[in-house]
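Q: Here is my input; please provide its structure:
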Amino acid sequence: MNNSQNASGKPACYVVSQIITVYLYPFLNVTGIIFNLFNAFTFYSIIKNNKNVKGYLYKYLLAKSLNDCYLFVVNIFSVGYFCFNCPNSYTYWIQVWYITCFAYFSLATELYSTFLDIFACLDRLLLMTSLFDKLKFYQSKYFSYIVIFFLMIFSLVFYVHRFFDFEIYAINNSSQYKIRNTEFFTIDFSKTMRWLHIIIRDVMGLTLIIAFNTMIMINFQKLMKKKEKLTSKKLSRQERKDREVTLMVLCNGVVFVFGHTPIFICYLPLFNFTNFSCAFDISRFILIFSYWIGFFFYYSFNLQFRRRFKELFGIRIIKSKTTDINTEASVTKTKTAT
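A: Purely as a prediction, here's the structure:
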């Protein structure tokens with residue numbers, strides 16, 4: 001028996017792809033919708049109750065949560081297309097879903113999510129330096145809304161050409177349908193746009209996220225060392241909040257690199273995979289997983305997020321060793337009173 005085949009005689013890559021698309025994707029999509037709705041409601045509550053907070057980090061994360069939630073909604077029907085043995089995978093409307101949702105909206109939301117991750121890191125970096133106070137245009141209350149809206153429109157317009165890349169055709173004039181590439185798909189413009197997608201979403205995204213995270217880490221270490229030299233006291237409540245937000249942004253950047261690196265490698269001509277479809281399915285699963293896991297990092301590394309989430313939903317996901325700010329404040333008041 002060929003080593004690349006399982007006991008049923010089917011190629012191992014086929015089995016891996018089916019496990020990912022038929023079993024793992026539905027789980028990630030359903031739970032991803034729930035987690036990102038949790039994120040959206042929690043970030044909205046933080047923004048609503050903390051109107052004097054400097055920067056736009058939570059607004060970018062709110063937009064990202066709504067965007068990622070929509071991405072999971074779009075992908076929830078992927079099992080109908082990628083399940084090769086399912087009778088519904090060859091219906092006309094499943095092919096329509098692939099062109100409109102998977103080939104267009106899914107890519108647009110991924111690009112939009114990349115932009116929001118970049119601006120979230122940039123916002124944190126500016127707040128840690130003196131640049132935030134110097135950039136007057138950045139302090140405008142409309143700046144974040146303009147950025148969020150413009151990036152969304154750009155992402156949607158950028159992928160309009162995908163509608164012209166594919167066409168639906170009937171298999172042997174039957175009631176079963178499939179998708180094939182059009183002539184437009186082969187022209188230089190379409191090829192250029194596909195490479196620009198990789199360059200902007202992965203190359204630019206990875207480069208900027210790594211660069212911003214490195215600068216955030218350097219500035220964060222400088223601030224901590226400066227604090228230790230100036231005083232031997234413990235960090236204040238605000239300083240601990242700033243530290244946790246910084247750690248959350250750094251972890252978010254690490255997750256971005258973890259999610260986008262495999263799919264970037266997958267497209268590199270240097271790595272000529274013998275089965276591109278299998279490599280693509282695995283790398284895309286890692287990418288989708290990076291959108292899924294964000295909630296746990298927000299909850300673990302951001303005390304403000306954790307407190308607000310408990311107030312909204314009354315759910316305790318992770319038992320944290322971090323002392324709650326309210327509890328600490330009440331203890332301090334008790335000591336002062338006595």
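
Q: Which elements pack onto the helix or strand harbouring Lys222?
A: Assigned by DSSP states H and E, Lys222 belongs to helix 205-230. Using 3 or more C-beta pairs under 8 Å, 6 or more residues apart in numbering; DSSP states H and E, the elements in contact with helix 205-230 are helix 107-128, helix 237-267. C-beta coordinates here come from the backbone N, C-alpha and C atoms, glycine included.

Q: residues of that helix that come out buried?
A: Neighbour-count burial for helix 205-230 flags Gly205, Leu206, Leu208, Ile209, Phe212, Asn213, Met215, Ile216, Asn219, Phe220, Lys227 (criterion: 16 or more other C-beta atoms under 10 Å).

Q: can you give me the strands in this structure?
A: Counting by DSSP state E, residue ranges of the strands within the chain are 166-170, 177-181.

Q: Now render the ones you listed as JSON lines, adding mean neighbour count.
A: Below are these laid out as JSON lines (neighbours: other C-beta atoms under 10 Å):
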{"stretch": "strand 166-170", "mean neighbour count": "14"}
{"stretch": "strand 177-181", "mean neighbour count": "14"}
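
Q: now those as CSV including distance to Tyr104 and mean pLDDT?
A: Converted to CSV, these look like this (distance: least, C-beta to C-beta, whole Å; pLDDT from 0 to 100):
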stretch, distance to Tyr104, mean pLDDT
strand 166-170, 10, 89
strand 177-181, 13, 88
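
Q: Not counting its neighbours along the chain, what's nearest the residue nearest the centre of the chain?
A: Centrality entry for the chain: nearest residue to the mean C-alpha point is Tyr291, 3.8 Å, by C-alpha atoms, centre = their mean. The spatially closest residue to Tyr291, leaving aside those adjacent along the chain, is Asp68, at 4.7 Å (C-beta to C-beta, 6 or more residues apart in numbering).

Q: Could you count how many residues lie near the one you found?
A: Using other C-beta atoms under 10 Å, Asp68 has 27 neighbouring residues.

Q: from memory it sits against Tyr112, does it?
A: No - taking contacts as C-beta atoms under 8 Å, Asp68 lies outside contact range of Tyr112: 9.4 Å.

Q: need the contact list for Ile179.
A: Gln95, Tyr98, Ile99, Phe166, Glu167, Ile168, Tyr169 (C-beta atoms under 8 Å, 6 or more residues apart in numbering).

Q: Just the pLDDT at the residue nearest to Thr129 when sequence neighbours are not counted, thanks.
A: Of all residues not flanking Thr129 in the chain, Asn219 sits nearest, at 6.3 Å (C-beta to C-beta, 6+ apart). Note on Asn219: pLDDT of 86.

Q: right, and Asn219 touches Ser130 too?
A: No - Asn219 is not in contact with Ser130 according to C-beta under 8 Å; the separation is 10.7 Å.

Q: Adding distance to Phe77, write the strands of the chain out as TSV.
A: Output for the strands of the chain, formatted as TSV (distance: least, C-beta to C-beta, whole Å):
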stretch	distance to Phe77
strand 166-170	16
strand 177-181	15
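
Q: Those strands: which one's closest to Tyr142?
A: Closest to Tyr142 of these is strand 166-170 (C-beta to C-beta; 38.7 Å).

Q: tell me what the closest one is packed against?
A: For strand 166-170, the elements it packs on are helix 92-97, strand 177-181, judged by 3+ C-beta pairs under 8 Å, 6+ apart.

Q: Kindly provide the whole-number mean pLDDT of the first one.
A: Spelled out, that is helix 92-97. 85.

Q: Can you point out the buried residues in it?
A: By neighbour count on 16+ other C-beta under 10 Å, the buried set for helix 92-97 is Ile94, Gln95, Trp97.

Q: still on that earlier bit, now the buried residues of helix 205-230 in a markdown table, with distance to Asn50?
A: Putting the buried residues of helix 205-230 into a markdown table (distance: C-beta to C-beta, whole Å) gives the following:
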| residue | distance to Asn50 |
| --- | --- |
| Gly205 | 28 |
| Leu206 | 31 |
| Leu208 | 27 |
| Ile209 | 25 |
| Phe212 | 23 |
| Asn213 | 24 |
| Met215 | 25 |
| Ile216 | 21 |
| Asn219 | 23 |
| Phe220 | 21 |
| Lys227 | 23 |
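
Q: Dump stretch 204-216 to PDB, restricted to CA.
A: Output of stretch 204-216 as PDB, limited to C-alpha atoms (Å, rounded to 0.1, in the frame of the first residue of the first chain):
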ATOM      1  CA  MET A 204       2.700  43.800   4.700                       C
ATOM      2  CA  GLY A 205       0.600  42.500   7.600                       C
ATOM      3  CA  LEU A 206       3.400  40.300   9.000                       C
ATOM      4  CA  THR A 207       6.100  42.900   8.400                       C
ATOM      5  CA  LEU A 208       4.100  45.700  10.200                       C
ATOM      6  CA  ILE A 209       2.800  43.600  13.000                       C
ATOM      7  CA  ILE A 210       6.300  42.200  13.800                       C
ATOM      8  CA  ALA A 211       7.800  45.700  13.500                       C
ATOM      9  CA  PHE A 212       5.200  47.300  15.700                       C
ATOM     10  CA  ASN A 213       5.200  44.500  18.300                       C
ATOM     11  CA  THR A 214       9.000  44.700  18.500                       C
ATOM     12  CA  MET A 215       8.800  48.500  19.100                       C
ATOM     13  CA  ILE A 216       6.000  48.000  21.700                       C
END
